[in-house]
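Student: Provided below are the primary sequence and the corresponding predicted coordinates.
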Amino acid sequence: MKNKYDPVMSRLQSYHVCGPHTITAHDIKAFENELGFLLPDDYREFIMKYGFSSGEGDLCLKLADDSDEDGTSIDVFYGLKSGEEYDLRERRKTFSDRLPAYLLPFVAGSGGEYCLCLFGDNVGKVYWWFQEMGEVQSEDELEPIAESFDDFMNSLICEES
């Protein structure tokens, strides 16, 4: 099945760390009902095919204004399948005492979590949460990373390991 993220994930030499698992629109709707929030359309499309994925080599986020710095590592994109280590429900539960319910951790990296904002004026934006910061009351306490999931994905590079 063709997915708009196929070119990006091909460039990143993606592979599934477990699975791949078939995710349907029904599965996503059930998850959204559990969350109490809708997922952005671009993320919905991504997770249907690329949940539980990573990239070969060192997968990094490289923002345009960080040209002198090394990229921030990306470990694993979470997916939807109960019982899996990187299940979105489990990861959300793990951080429920430290993150507001409308901030969804969707990928791990460099000692923290990339979170997708699901509510308010910043719906769809991606933020960085360093876990040692402790409890977060709002996205204003996090580092803004990208205006959208698409922008986030287009900022990823794969460096040779």
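Tutor: Arrived safely.

Student: Spatially central, which residue of the chain would that be?
Tutor: For the chain, the residue nearest the mean C-alpha position is Phe106 (3.0 Å; Cα atoms, centre = their mean).

Student: Any regions of the protein where pLDDT drops low?
Tutor: Within the chain, the ranges that satisfy pLDDT under 70 run 64-71, 160-161.

Student: Can you show me the helices along it?
Tutor: Using DSSP state H, the helices of the chain run over 6-11, 25-35, 41-50, 88-94, 149-154.

Student: Distance to Tyr114 and mean neighbour count for those - can I get that in CSV?
Tutor: For the C-beta atoms, the positions are set from N, CA and C on the backbone; glycine is no exception. Formatted as CSV, those follow (distance: least, Cβ to Cβ, whole Å; neighbours: other Cβ atoms under 10 Å):
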stretch, distance to Tyr114, mean neighbour count
helix 6-11, 15, 13
helix 25-35, 17, 13
helix 41-50, 11, 20
helix 88-94, 11, 16
helix 149-154, 7, 20
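
Student: Reformat these as a markdown table; add distance to Val76.
Tutor: Listed next are the helices of the chain as a markdown table, based on distance: least, Cβ to Cβ, whole Å:
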| stretch | distance to Val76 |
| --- | --- |
| helix 6-11 | 13 |
| helix 25-35 | 18 |
| helix 41-50 | 11 |
| helix 88-94 | 10 |
| helix 149-154 | 15 |
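
Student: wait, which of the ones you listed is closest to Ser110?
Tutor: Among the helices of the chain, the nearest to Ser110 by Cβ to Cβ is helix 149-154 (14.5 Å).

Student: tell me what the closest one is packed against?
Tutor: helix 41-50, strand 126-130 (3 or more Cβ pairs under 8 Å, 6 or more residues apart in numbering; DSSP states H and E).

Student: Dump these to a markdown table, plus distance to Met153.
Tutor: Shown next, in a markdown table, are the helices and strands packed on helix 149-154 (distance: least, Cβ to Cβ, whole Å):
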| stretch | distance to Met153 |
| --- | --- |
| helix 41-50 | 7 |
| strand 126-130 | 9 |
